[in-house]
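> Structure, please.
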Amino acid sequence: MSTPGLIADIGGTNARFALVEADGSVTRERVLRCGDYASLADAAKAYLAGQDAATRPARAAFAVASPITGDVVRMTNLPWEFSIRGVREALALERLDVINDFTAVALAIPRLDDEDRVQIGEGQEVPGYPIGVLGAGSGLGVSALIPGSGDSWTALATEGGHVTMAPITDRESAVLAQLRKMFEHVSAERLLCGPGLVNLYDTLAFLDGLTPEPLSPAEVTDRALGRRDPTCVEALDMFCAMLGTVAGNLALSIGARGGVYIAGGIVPRFLTVFEHSRFRKRFVEKGRMRDFLGPIPTYVVTHPYPAFVGLAAQLATPDRS
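Residues are numbered from 1 along each chain as shown. Model prediction:
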């Protein structure tokens, strides 16, 4: 690329923009609050307004927290709706790739260094087998990498965060029974994301006859880590255990002997607690499949912007249009 490429990771709260230089390096990162802009095009224009006009990008790749099923994209956790072609024209781009946010994260996994991940528990990846990727942020993202010829990988665009959440303990059954009174469908994402952590706290408090305080996800986590609130402690513990359940289901579904990676912005904030949580125990405890899951390694991605790594890889692929 003679001029930089534009990349953006659009979540439910923030839009992270950057440029990819000709050597593949990611530069000039900037985070914008999605709520400050009426549309994706407006946010992108605000970012580009601060860049050198002489190096205006002609190619771009955006990762969005939404299914991509056609030209019109409706964000899942953000009131933005846009046409891919319309955004490309508004930004005067020759090429615009829009992919699911966790597809971008998955594309990054083979390109991460050892220092960009922390292993949770035992296990050793087997080369040439699928890799599972999931992670909690404003929502719950799920993807998978399927090996191809040579060093190539295909990242699956899934909506696996919306699978039905299954309880393992009586306490979890009580939580889900209560949430079913509030939601038509209690998906994994209803529990395993920032708002989901609050749902867990509120429901556990209700079940214990307590009045929940209006806490943010960060406040629930902070109180749990400081062990200042037993309900917050239980909410965070249940969050980790349920994430292990979902991660184990993903590993079984795709045969992820190449490993399972936990990404997203939430888990790295309490990594030490997560390492000693019930996550790994729940991951492997699948009855007759324990011996299959036991050797599969699980990791937490600690790279600050893995989606940027994946988007840079996406920009480097040939244009298929």
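> Quote the end-to-end distance of stretch 300-307.
By Cα to Cα, to the nearest Å, the extent of stretch 300-307 from end to end equals 14 Å.
> what's in contact with it?
Outside stretch 300-307, the residues that touch it by Cβ atoms under 8 Å, 6 or more residues apart in numbering are 9, 16, 18, 26, 29, 63, 101, 104-105, 108-109, 112, 115-118, 120, 135, 261-263, 267-268, 271, 274, 309. Just so you know, the C-beta spots here come from the backbone N, C-alpha and C atoms, and that holds for glycine as well.
> For that stretch, list every residue counted as buried.
Neighbour counts over stretch 300-307 (16 or more other Cβ atoms under 10 Å) mark Val300, Val301, His303, Tyr305, Pro306, Ala307 as buried.
> picking that back up, of the contacts of stretch 300-307, just the buried ones, ChimeraX syntax please.
To isolate the buried members of those in ChimeraX, using 16+ other Cβ under 10 Å:
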select :9,16,18,26,63,101,104,105,108,109,112,116,117,118,120,135,261,262,263,267,268,274,309
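> tell me the strands in this protein, going along the chain?
Applying DSSP state E to the chain gives strands spanning 5-10, 14-20, 26-33, 59-64, 72-74, 81-83, 95-100, 117-120, 131-136, 140-147, 153-157, 260-263, 298-301.
> Identify whichever of the ones you listed lies nearest to Glu213.
Glu213 lies closest to strand 131-136 among the strands of the chain, at 21.7 Å (Cβ to Cβ).
> Strand partners (parallel or antiparallel) of that closest one?
strand 140-147 (antiparallel), strand 260-263 (parallel) (DSSP bridges).
> Tell me how far that strand lies from the chain's centre.
7 Å (Cα atoms, centre = their mean, to the nearest Å).
> How about stretch 143-150?
18 Å.
> just checking, Ile7 touches Val64?
No - using Cβ atoms under 8 Å, Ile7 makes no contact with Val64, being 12.0 Å away.
> Mind checking which of those two has more residues around it?
Set Ile7 next to Val64 and count neighbours by other Cβ atoms under 10 Å: Ile7 wins out with 29 against 26.
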